[in-house]
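1. Okay, structure incoming, though there's no sequence with it:
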């Protein structure tokens, strides 16, 4: 297995939640040590939807702590801001707090970028939240990778976003309702535009069933796909009961976090070594294909995002 995994979506690790208001230097170091132990060479620390001031404070906190810890600077290549410009429709909003979702605004986006102290590398938003594509265009001028996600954008909205600078889609097959139109749905729209997008997937076998995921890989191709863990704090800790922000989570043997009522998923506690085993085992990929998904392709996204530095 590789020892240079690159993960573009890590909300927390080793018992540490990056999306907390009082993250400490010791806690951040603990998370980075756990990531390094599991063979991860670089991540994007992911801050998800909350009220704008709280998101900004969390980004500044994380940037400041990272700046004073050599291991954190080595492991955390930058930040992935996922929200708050996403759909608030049940299913599409996923585990994000719907009361904090809002329409896109270049001014609000800039406030978050400033709080992140120049470390933002990836932003996930819903194109329908940015109908004039002004926020997407603003991000594109700053060489930040823009990804659609938690969205029910129409094909026309996706095309307009692509023309403005969108280049990626976040965890296809997730951040959407369990029941959708059987033909005209966000998964089919994105697959129709696959040649213009890099598309990420969560390969734990639950977020996307392995049969469907193999079909997606075959259709998208290995030049346009990558994998992420979407790891939350319990990642690397094993099954059990965990309290995470607003959620009391049950993590099963499959390392998937579920809401207490089982109605939807709340991220994953999978590790990159287990992702690798899934790709080679149940999905039947070659080591070269798995390496592209876990290392090469996410590294290309990271390289593009770091080109301005």
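-> Thanks, I have it. Since we're looking at a predicted model, the values are computed, not measured.

2. Could I get the buried residue list for stretch 89-102?
-> Buried residues in stretch 89-102, counting neighbours by 16 or more other CB atoms under 10 Å, are found at 89, 91, 92, 93, 94, 95, 96, 97, 100, 101, 102. C-beta: built from backbone N, CA, C; applies to glycine.

3. what two of those residues are the furthest from one another?
-> Largest separation among the buried residues of stretch 89-102 by CB to CB: 91 and 102, giving 18.5 Å.

4. in the chain, which strand has the most residues?
-> When the chain is parsed with DSSP state E, its longest strand is strand 40-48.

5. buried residues in it?
-> Applying 16+ other CB under 10 Å to strand 40-48 flags 40, 41, 42, 43, 44, 45, 46, 47, 48 as buried.

6. distance between that strand and the chain's centre?
-> 8 Å (CA atoms, centre = their mean, to the nearest Å).

7. pLDDT (mean, whole number) over it?
-> Strand 40-48 carries an average pLDDT of 98.

8. What of stretch 181-196?
-> 97.

9. likewise stretch 111-118?
-> Here stretch 111-118 scores 98 as its mean pLDDT.

10. Going along the chain, name the helices of the stretch 1-150 of the chain.
-> 25-37, 52-67, 70-75, 106-115, 134-141 (DSSP state H, counting those that start in this stretch).

11. closest one to residue 233 among those?
-> helix 25-37 (8.2 Å).

12. For the residue nearest to residue 32 when sequence neighbours are not counted, give me its contacts.
-> Distances taken as CB to CB, 6 or more residues apart in numbering place residue 75 nearest to residue 32, at 4.4 Å, with adjacent residues excluded. Residues counted as contacts of residue 75 (CB atoms under 8 Å, 6 or more residues apart in numbering) are 32, 35, 36, 40, 41, 42, 43.

13. of the residues you listed, closest to residue 230?
-> residue 43 (11.5 Å).

14. who touches that closest one in this structure?
-> With contact taken as CB under 8 Å, 6+ apart, residue 43 is in contact with 6, 7, 8, 10, 35, 75, 76, 77.

15. for residue 24, same thing?
-> Neighbouring residues of residue 24 by CB under 8 Å, 6+ apart: residue 65.

16. Local confidence estimate at it?
-> 98.

17. That one and residue 69: what is the separation?
-> Look at residue 24 and residue 69: by CB to CB, to the nearest Å, they are 11 Å apart.

18. sorry, back to before: need the max-distance pair from the buried residues of strand 40-48.
-> Farthest apart among these - using CB to CB - are 41 and 48, which lie 23.2 Å from each other.

19. which regions of the chain lie under the pLDDT threshold?
-> In the predicted model of the chain, residues 245-246, 262-264, 305-309 satisfy pLDDT under 70.

20. Nearest the middle, which residue of it would you pick?
-> Geometric centre of the chain, nearest residue: residue 9, 3.6 Å, by CA atoms, centre = their mean.

21. Would you mind confirming that it makes contact with residue 175?
-> No: the criterion here is CB atoms under 8 Å, and residue 9 misses it with residue 175 at 11.5 Å.

22. between the two, what contacts are shared?
-> Contacts common to residue 9 and residue 175, judged by CB under 8 Å, 6+ apart, are absent.

23. Could you list the buried residues of stretch 186-195?
-> In stretch 186-195, counting by 16+ other CB under 10 Å, buried: 186, 187, 189, 190, 191, 193, 194.
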